[in-house]
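Participant: Model the following, please.
(chains A and B)
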Amino acid sequence: MLSRRNKAGSEIPTASLPDIVFMLLIFFLVTTTIDIDKGIMMVLPDRGGEMRVNPENICNILVNAAGQVLIDDSPTEIHQIREKISSKLRERGLDTEGKPRLIVSIKTERSTSYNDYIQVLDEVKRSGATKISIAEPEK
Amino acid sequence: MKFEKKTKAKAEIPTASLPDIIFMLLIFFMVVTVFKEYRGLPVLAPTARTTAKLETKRNVAYLWVDRLGRIAIDDKIVPLEDVAPVLSEKFTQNRRLIVSLKIDQEVSMGLVTDVQEKLRDAYTLRVNYATRFK
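Facilitator: Residues are numbered from 1 along each chain as shown, chains lettered A, B, ... in the order given. So this is what the prediction gives:
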């Protein structure tokens, strides 16, 4: 009889352990936010690192304040950018490192909206261009 | 007598391993949880398709520009001329810093370029234009 009593007293009651852990679990479930930051990655040019490039490899894109796009002096709709740039990419071919030779230069006006710029940048990225340069806006 | 005992034992579901399972879930959520550090400015980001994920939040500094042209870095409103010193201090602490630009779609490119010039001054060249999925 006595030895039985001792046994019972030496145990920690673990019956409520799942409840406690459930509570913690629910807390973390509620507080977890799985919102991953997404966006377009770009690397800004280094200061003073000017490079000489063959002007034939440059494709100029101009975006004006009204959101109209000009690719190498021909007006273009936003949804046509992808085709035009990818055909230009094929035209210029690959360089010795296996990267496309074409450099796409995006130039905006100071009053162009950021949305228009991102739309153009998005289309250029979709075309597969890897060398994208951001030209300083015209004053 | 023997029969009765047997049926009793079978009727119960073994719950001995339940805490272990819940602990495993708990540990998973504890590890995954990252508490939101900053609230920032109200910004409606432009939509885009070619998005890349920011893999870790530990190397990221957030820069907001709202439609009124206010600039905030990690929850502090900063004037344009202070952007470079604030970011270069962050860059010295973490060389792998990526600046996530949360810019409203109505902001003009003039201001965006000014901010980018400050980023170049601070040598934080890796940026991410935050976008919404189209």
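Participant: In the helix or strand containing residue A:133, which residues are buried?
Facilitator: Under the criterion of DSSP states H and E, residue A:133 resides in strand A:132-134. Residues of strand A:132-134 classed as buried by neighbour count (16 or more other CB atoms under 10 Å in any protein chain shown): A:132, A:134. Any C-beta I mention is one placed from the backbone N, CA and C, and that applies to glycine too.
Participant: mind listing what it pairs with, with the direction of each?
Facilitator: The pairing partners recorded for strand A:132-134 under DSSP bridges are strand A:103-108 (parallel).
Participant: Could you list the buried residues of the partner strand?
Facilitator: Buried, per 16+ other CB under 10 Å, within strand A:103-108: A:103-104, A:106-108.
Participant: tell me, what residue is most central in chain A?
Facilitator: The residue lying closest to the centre of chain A (CA atoms, centre = their mean) is residue A:40, at 2.0 Å.
Participant: what sits against that one?
Facilitator: A:118, A:121-122, A:125, B:48, B:50-52, B:128-129, B:131 (CB atoms under 8 Å, 6 or more residues apart in numbering or on different chains).
Participant: 10 Å instead?
Facilitator: A:118, A:121-122, A:125, A:132, B:46, B:48-52, B:101, B:127-131 (CB atoms under 10 Å, 6 or more residues apart in numbering or on different chains).
Participant: Filter these down to the buried ones.
Facilitator: Looks like these have A:118, A:121-122, A:125, A:132, B:46, B:48, B:50-51, B:101, B:127-131 buried, using 16+ other CB under 10 Å.
Participant: Which residue ranges of chain B form strands?
Facilitator: Along chain B, the stretches classed as strands by DSSP state E are B:47-48, B:52-53, B:60-65, B:71-73, B:76-77, B:98-103, B:126-130, B:132-133.
Participant: any idea which of the ones you listed is most buried?
Facilitator: Here the criterion is mean neighbour count by mean count of other CB atoms under 10 Å in any protein chain shown, and of the strands of chain B the winner is strand B:98-103, at a mean of 23.
Participant: Residue B:68: neighbour count?
Facilitator: Close neighbours of residue B:68, defined as other CB atoms under 10 Å in any protein chain shown, add up to 10.
Participant: Residue B:128 - nearest residue in space that isn't next to it in sequence?
Facilitator: residue A:39 (4.2 Å; CB to CB, 6 or more residues apart in numbering or on different chains).
Participant: For stretch A:55-73, which residues meet the burial criterion?
Facilitator: For stretch A:55-73, by 16+ other CB under 10 Å, it's A:57, A:59-63, A:69, A:71.
Participant: and that stretch with chain B, contact?
Facilitator: Yes - against chain B, stretch A:55-73 shows contacts by CB under 10 Å from any CB of the partner chain at A:63, A:65.
Participant: Now for residue 17, how many residues are close by?
Facilitator: You didn't pick a chain, so chain A it is. Residues near residue A:17, counting by other CB under 10 Å: 14.
Participant: I was thinking of chain B, sorry if that wasn't clear
Facilitator: When neighbours are counted by other CB under 10 Å, residue B:17 comes out with 8.
Participant: Next, give phi and psi for it.
Facilitator: phi -90, psi 0 (degrees, to the nearest 10).
Participant: Centroid-nearest residue for chain B?
Facilitator: residue B:57 (5.1 Å).
Participant: While we're on the nearest residue to it once chain neighbours are set aside, how confident is the model there?
Facilitator: Closest residue to residue B:57 in three dimensions, ignoring its sequence neighbours and counting by CB to CB, 6+ apart: residue B:34, at 5.7 Å. Residue B:34 is assigned 72 on the pLDDT scale.
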